[in-house]
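Novice: Quick one, fold the following:
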Amino acid sequence: MTSTTLQLSNNRVAHYLEQGAGEPLVLIHGVGMQAQAWYPQIDELSSGFRVISVDMPGHGDSTALNEDAGLQQFVAWAIEFIEALGVGPVNLAGHSMGSLIAAGVAVTRPELTKRVAVLNGVYRRTADARDAVLQRAAELRSGAIDIETPLKRWFNAEEAQQVAAQKVESWLKSVDIAGYATAYTAFAKGDEVYADGWHNIACPALVLTGSDDPNSTPEMARQMAAAAQNGFAVVIENERHMVNLTAPAEVNRALRAWLQTERVAETIKSEA
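Specialist: Numbering: from 1, shown residues only. Presented below is the predicted three-dimensional model:
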C-alpha cells in the first residue's frame with residue numbers, strides 16, 4: 001500500500017492510501033476516522049481496481065478546511081481531489097459523512113462519478129435525530145470528545161467486532177479535535193443539503209446499511225435508492241453503523257457487484 005499526498009489549492013494537501021491497478025475506486029471515510037478505516041475493502045478490491053482511500057479534511061494527514069465549512073465545502077474539496085488525480089470519472093464510495101460527500105459529488109458533478117456507493121448514509125433525519133447530532137456537534141466544538149458512547153452504539157460484544165472496535169477507538173483518540181468538530185458539524189447539518197438532487201443521479205447507485213443502524217436506517221437507504229434513477233438498497237442483517245468493518249465479506253460482495261455492472265440493481269438482487 002502506497003501513502004501519497006496530493007497538492008490542492010490554497011496550500012492544502014490531501015493524503016491518501018493507494019493499492020492495486022485498474023479502474024479507479026475512491027473511498028471517503030466518516031467523521032473521526034481515517035483512510036485506513038477502509039482496510040477490508042482496500043485489501044479485497046485492490047485485486048482488480050485502483051483503490052484510493054483518502055483522508056477527509058482535518059483527519060489523518062489531510063489539511064483541514066475552515067472551521068465554518070459546511071457540507072458544500074467538503075463536496076468542493078472532493079471534487080478538487082478527484083480532478084487533481086487526473087484519472088477521469090471514478091467509482092466513488094463513502095461511509096457516513098463520506099457518503100454525504102459522495103452523494104453531493106454525484107448530484108453536482110455527474111461527469112466525475114461513474115458509479116456512486118453510499119454506506120450507512122443519512123437522508124432527511126427526523127427533528128429529534130437532527131437535534132441529537134447537533135448537540136453532539138456542539139459538544140465537540142466545546143472541546144469535549146466522547147469515545148465510549150459511539151463505540152457502544154456501533155459495536156456489540158462479539159470478539160470479531162471488538163477487534164474492529166479497538167481500531168476505531170485508536171483512530172478516534174488520534175483525530176484532531178478541531179477537524180473532527182468541523183466535519184461533524186457539517187455532517188449534522190448535511191442530511192438535506194443534496195436530498196432533493198437524488199433523482200438526478202443516473203449512474204449506478206448502491207445504498208447500503210445495517211439493519212440495526214438506528215441513525216442510518218434501512219428506510220433511509222430504501223428512500224435514497226428509490227429516488228435515484230439506477231439505485232438499489234442493500235440491508236445487511238444484524239449489523240450496525242460500521243458495517244464495512246464488522247461485515248466485510250457482505251459489504252465487499254455488494255461493492256464488487258456494483259463495480260462490475262452497469263445494471264447494479266439486478267446483479268446485487270440476484271446475489272442477496
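
Novice: which stretches of this structure have low pLDDT?
Specialist: For the chain, the stretches flagged by pLDDT under 70 are 263-272.

Novice: Show me the helices in it, by range?
Specialist: Secondary structure of the chain by DSSP state H: the helices cover 39-45, 71-85, 97-108, 127-141, 148-154, 159-174, 177-188, 218-227, 243-246, 248-259, 264-271.

Novice: which ones are touching residue 175?
Specialist: Taking Cβ atoms under 8 Å, 6 or more residues apart in numbering as the criterion, residue 175 is in contact with 32, 33, 34, 59. C-beta: built from backbone N, CA, C; applies to glycine.

Novice: What distance do you get for the first one to residue 64?
Specialist: The reference is to residue 32. Distance of residue 32 to residue 64, computed by Cβ to Cβ, to the nearest Å: 14 Å.

Novice: Next: residue 261.
Specialist: Counting by Cβ to Cβ - residue 261 and residue 64 are separated by 37 Å.

Novice: the more surrounded of the two?
Specialist: Each of residue 261 and residue 64 has its neighbours counted (other Cβ atoms under 10 Å); residue 64 has more, 17 against 14.

Novice: these two touch, right, the more buried one and residue 176?
Specialist: Yes - under the criterion of Cβ atoms under 8 Å, residue 64 makes contact with residue 176 at 7.0 Å.

Novice: Common neighbours of the two, please.
Specialist: With Cβ under 8 Å, 6+ apart as the test, residue 64 and residue 176 both reach residue 58.

Novice: Test my guess that residue 22 contacts residue 52.
Specialist: No - Residue 22 lies out of contact with residue 52 (Cβ under 8 Å); the separation is 11.5 Å.

Novice: In terms of packing, which of these two has more residues around it?
Specialist: Each of residue 22 and residue 52 has its neighbours counted (other Cβ under 10 Å); residue 52 has more, 29 against 13.

Novice: residues contacting the residue lying closest to residue 64 once chain neighbours are set aside?
Specialist: Excluding the flanking residues, the one nearest residue 64 by Cβ to Cβ, 6 or more residues apart in numbering is residue 58, at 3.5 Å. Contacts for residue 58 (Cβ under 8 Å, 6+ apart) come out as 64, 65, 176, 178, 179, 180, 182, 183.

Novice: Identify the residues contacting the fifth one.
Specialist: Residues counted as contacts of residue 179 (Cβ under 8 Å, 6+ apart) are 57, 58, 59, 64.

Novice: ok, the residue nearest to residue 243 when sequence neighbours are not counted - contacts?
Specialist: Using Cβ to Cβ, 6+ apart and skipping residues adjacent in sequence, the residue nearest residue 243 is residue 210, 4.4 Å away. Contact partners of residue 210, counting by Cβ under 8 Å, 6+ apart, are 120, 216, 235, 236, 237, 238, 239, 240, 241, 243, 246, 247.

Novice: Pull out the buried residues from these.
Specialist: Buried subset of those (neighbour count, 16 or more other Cβ atoms under 10 Å): 120, 216, 235, 236, 239, 240, 241, 243, 246, 247.

Novice: how much space between the fourth one and residue 55?
Specialist: By that I understand residue 236. Residue 236 is 26 Å from residue 55, by Cβ to Cβ.

Novice: Can you tell me which of the contacts of residue 175 is nearest residue 189?
Specialist: Distance to residue 189, by Cβ to Cβ, is smallest for residue 32 among the contacts of residue 175, at 16.8 Å.

Novice: Report the contact partners of that closest one.
Specialist: Listed by Cβ under 8 Å, 6+ apart, the contact set of residue 32 reads 59, 150, 171, 172, 175, 180, 183, 184.

Novice: Pull the contacting residues for the last one.
Specialist: Which is residue 184. Per Cβ under 8 Å, 6+ apart, neighbours of residue 184: 31, 32, 97, 133, 136, 137, 140.

Novice: Adding distance to residue 17, write the contacts of residue 179 out as CSV.
Specialist: Converted to CSV, these look like this (distance: Cβ to Cβ, whole Å):
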residue, distance to residue 17
57, 16
58, 17
59, 13
64, 19
